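S.K.: From the sequence below, what's the structure:
(chains A, B, C and D)
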There are 4 protein chains.
Amino acid sequence: MTDDVQRFRLSYGDCDALGIAYFAIYYPWMERTYSSWLHGHGLRSAELAGELGAGTVGVHSEATYLAPVHVFDELTCAPVRERIGTTSYSVGFEFTRDGELVTYGRMTFACRTPEGAKTPIPQRLRELLETLRAATGS
Amino acid sequence: MTDDVQRFRLSYGDCDALGIAYFAIYYPWMERTYSSWLHGHGLRSAELAGELGAGTVGVHSEATYLAPVHVFDELTCAPVRERIGTTSYSVGFEFTRDGELVTYGRMTFACRTPEGAKTPIPQRLRELLETLRAATGS
Amino acid sequence: MTDDVQRFRLSYGDCDALGIAYFAIYYPWMERTYSSWLHGHGLRSAELAGELGAGTVGVHSEATYLAPVHVFDELTCAPVRERIGTTSYSVGFEFTRDGELVTYGRMTFACRTPEGAKTPIPQRLRELLETLRAATGS
Amino acid sequence: MTDDVQRFRLSYGDCDALGIAYFAIYYPWMERTYSSWLHGHGLRSAELAGELGAGTVGVHSEATYLAPVHVFDELTCAPVRERIGTTSYSVGFEFTRDGELVTYGRMTFACRTPEGAKTPIPQRLRELLETLRAATGS
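M.R.: Take a look at the predicted model:
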């Protein structure tokens, strides 16, 4: 199983009473994609503070719905590069179905010392973030 | 049970391995708050097309995390007024703990005819949206 | 908010593409009901090991579906007394709609020392379990 | 993607505050495994009534937890053969980690006419159920 991209087929539990994917299902898949990607490159997001001297806290998440998605559709979620600032960064998530972008997600994290103060993105994490490809449309 | 505001106590299943509320849990609560509020005022979001001649599709959702929330914290989610445009609108969601705003959410909907074309917000829905109070900070 | 019984209205996210409650939604409500009930009586299930010298691990869960439940139905989940053994116990959960039992759940826990060996149910927990009322049908 | 077996890596959202897999996460994976398996063999569980003249309703679900599972563990969920009766049947689900059975699940379905009366398992569905391999331990 490659850890960089997640593939899944929508099931009944992912879809609401209208028969289309429930708007909230994308968020756990973003986190799964993000955490697996970090993990596949040797980092555990919950242990960044211990490993790298700075932890990250989620400060924002969002999703833009571009096309309806139905039960049994097969989706792919890939992490893409977004803004990488001094003490915070975003990661984008492209959900595609047969190559068509159906949903675009984003998670934004801020780096904090164990005491809670802002701190620069650890160098190892920054270098990893910079390896992400740009979003398709950008 | 009042339908305008949702109250819930965070449980173990709402919290991640770090012991704080998982970032994705707020989204189903936004939808529950929104749907219950509409329902309490005589509208069912899944049946708007049939009742009012225009349906709504979710086009965006987001959440901003302001303070960490822990297992057994008791939260309140209240819908608040956001932008009400011609053919689309947003609803905000204030998650508070003992009066402190801990997370702010937003869902944005667009109105569509059964054929999928943009159409104005139905008058009855617009009037209901206008009854929402403004966000605390605005 | 009383901690012994949970009340909630089914939302779109709780229902599958068939328009009835998804079979899996009852499980988090069982845990929420159980944890809130313990918490309301001064016990935190995740901290039992530290507080009472023995922790509990979930060994089984189940649900029996008696009647279909639909979006916007209002349900109540109440914990009820089940088997209380020497080193393990079960808790039942009655999900009712207007007094009608629609789903019956059960969680079974085993008590373990910090080293993982079987150990008797701590007395304080046993006494609390014994205060639960019997299931309606029993 | 084969549709008979599901593979997934546990993410933070799957784990509770104790750092082990939350007991409820297995249920959606059982349904995903079951629905994908049916779908991969040409059947859609939500459309069985129309396709085969008899629909199925879930009447029971359960899970037995055999070993704790942690974040980033990679699990496989495979459907296995269980009781196939006249008008109802069960499907088992083996969750394994590196070949070790960690959780065993079961879903039980009853066949109903559109009017809600008991009816035999449709022949095509019965034949498909009979192709499932037996559980490892049986």
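S.K.: secondary structure class for A:Phe95?
M.R.: Three-state assignment for A:Phe95 (DSSP: H, G, I helix; E, B strand; the rest coil): strand.
S.K.: Does anything pack onto the longest strand anywhere in chain A? Which helices or strands?
M.R.: Ranked by number of residues, the top strand in chain A under DSSP state E is strand A:100-112. With contacts defined as 3 or more C-beta pairs under 8 Å, 6 or more residues apart in numbering or on different chains; DSSP states H and E, strand A:100-112 has these neighbours: helix A:26-40, strand A:55-65, strand A:74-84, strand A:88-97. Where C-beta positions appear, they are placed from N, C-alpha and C, glycine not excepted.
S.K.: Now stretch A:31-50: average pLDDT?
M.R.: Confidence over stretch A:31-50 (mean pLDDT, whole number) is 84.
S.K.: can you list the residues that contact that stretch?
M.R.: Residues from elsewhere that reach stretch A:31-50 (C-beta atoms under 8 Å, 6 or more residues apart in numbering or on different chains): A:2-6, A:51-52, A:54-56, A:77-79, A:91, A:93, A:107, A:112, A:114, A:122, A:124-125, A:128, B:16-18, B:22-24, D:9, D:11-13, D:71-72.
S.K.: of those residues, buried ones?
M.R.: Buried by 16 or more other C-beta atoms under 10 Å in any protein chain shown: A:3, A:6, A:52, A:54-56, A:77-79, A:91, A:93, A:107, A:112, A:122, A:125, B:16-18, B:22-24, D:9, D:11-13, D:71-72, out of the contacts of stretch A:31-50.
S.K.: check contacts around A:Tyr65.
M.R.: Counting by C-beta under 8 Å, 6+ apart, A:Tyr65 has contacts A:23, A:102-103, B:57-61.
S.K.: From these, pick the one nearest C:Ala134.
M.R.: A:Phe23 (41.2 Å; C-beta to C-beta).
S.K.: you'd agree A:Cys77 is up against A:Val5?
M.R.: Yes: between A:Cys77 and A:Val5 there is a contact under C-beta atoms under 8 Å: 6.8 Å.
S.K.: about what we covered before: following the longest strand of chain A in sequence, what is the next regular element?
M.R.: Per DSSP states H and E, the first helix or strand lying C-terminal to strand A:100-112 is helix A:123-129.
S.K.: taking the mean pLDDT, what do you get for that next one?
M.R.: Rounded mean pLDDT across helix A:123-129 is 93.
S.K.: cool, stretch A:73-85 as well?
M.R.: If you average the pLDDT over stretch A:73-85, you get 96.
S.K.: Is that stretch in proximity to chain C?
M.R.: No: Stretch A:73-85 does not reach chain C (C-beta under 8 Å from any C-beta of the partner chain); its nearest approach is 12.1 Å.
S.K.: Quick check: buried residues in that stretch?
M.R.: Buried, per 16+ other C-beta under 10 Å, within stretch A:73-85: A:73, A:75-82.
S.K.: Can I get that stretch in PDB, CA atoms only?
M.R.: Taking C-alpha atoms only, stretch A:73-85 is exported to PDB below (Å, rounded to 0.1, in the frame of the first residue of the first chain):
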ATOM      1  CA  ASP A  73     -17.700   5.900  -7.000                       C
ATOM      2  CA  GLU A  74     -14.000   5.300  -6.600                       C
ATOM      3  CA  LEU A  75     -12.100   8.300  -5.300                       C
ATOM      4  CA  THR A  76      -8.500   9.100  -4.900                       C
ATOM      5  CA  CYS A  77      -7.200  11.600  -2.400                       C
ATOM      6  CA  ALA A  78      -3.700  13.100  -3.000                       C
ATOM      7  CA  PRO A  79      -1.900  15.700  -0.900                       C
ATOM      8  CA  VAL A  80      -0.700  18.800  -2.800                       C
ATOM      9  CA  ARG A  81       1.400  21.700  -2.000                       C
ATOM     10  CA  GLU A  82      -0.100  24.900  -0.500                       C
ATOM     11  CA  ARG A  83       1.200  27.800   1.400                       C
ATOM     12  CA  ILE A  84       4.300  27.100   3.500                       C
ATOM     13  CA  GLY A  85       4.800  30.100   5.800                       C
END
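S.K.: so how far is it off the chain centroid?
M.R.: Mean-position distance between stretch A:73-85 and its chain equals 6 Å (C-alpha atoms, centre = their mean, to the nearest Å).
S.K.: Can you tell me which residues in chain A are near chain B?
M.R.: Counting by C-beta under 8 Å from any C-beta, the residues of chain A near chain B are A:16-18, A:22-24, A:27-28, A:31, A:46, A:57-65, A:68, A:107.
S.K.: again, only this time at 10 Å
M.R.: Residues of chain A lying near chain B by C-beta under 10 Å from any C-beta of the partner chain: A:16-18, A:20, A:22-31, A:44-47, A:55, A:57-66, A:68, A:104-108, A:110, A:116.
S.K.: Any chance of a PyMOL selection covering the buried ones in those residues?
M.R.: Applied in PyMOL, the following selects the buried portion of the residues of chain A next to chain B according to 16+ other C-beta under 10 Å:
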select buried, chain A and resi 16+17+18+20+22+23+24+25+26+27+28+29+30+31+45+46+55+57+58+59+60+61+62+63+64+65+104+105+106+107+108+110
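S.K.: on that earlier part again, pull the longest strand of chain A out as PDB, backbone CA atoms only.
M.R.: Only the C-alpha atoms of strand A:100-112 are listed here, as PDB (Å, rounded to 0.1, in the frame of the first residue of the first chain):
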ATOM      1  CA  GLU A 100     -11.900  14.600 -12.500                       C
ATOM      2  CA  LEU A 101     -11.400  16.900  -9.500                       C
ATOM      3  CA  VAL A 102     -14.600  16.500  -7.400                       C
ATOM      4  CA  THR A 103     -13.700  18.000  -4.100                       C
ATOM      5  CA  TYR A 104     -10.800  20.100  -2.900                       C
ATOM      6  CA  GLY A 105      -9.800  20.200   0.700                       C
ATOM      7  CA  ARG A 106      -7.300  22.100   2.800                       C
ATOM      8  CA  MET A 107      -5.900  21.700   6.300                       C
ATOM      9  CA  THR A 108      -3.900  24.400   8.000                       C
ATOM     10  CA  PHE A 109      -1.500  23.800  10.800                       C
ATOM     11  CA  ALA A 110       0.500  26.100  13.100                       C
ATOM     12  CA  CYS A 111       3.700  25.100  14.900                       C
ATOM     13  CA  ARG A 112       4.000  25.500  18.600                       C
END
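S.K.: average pLDDT across that strand?
M.R.: 96.
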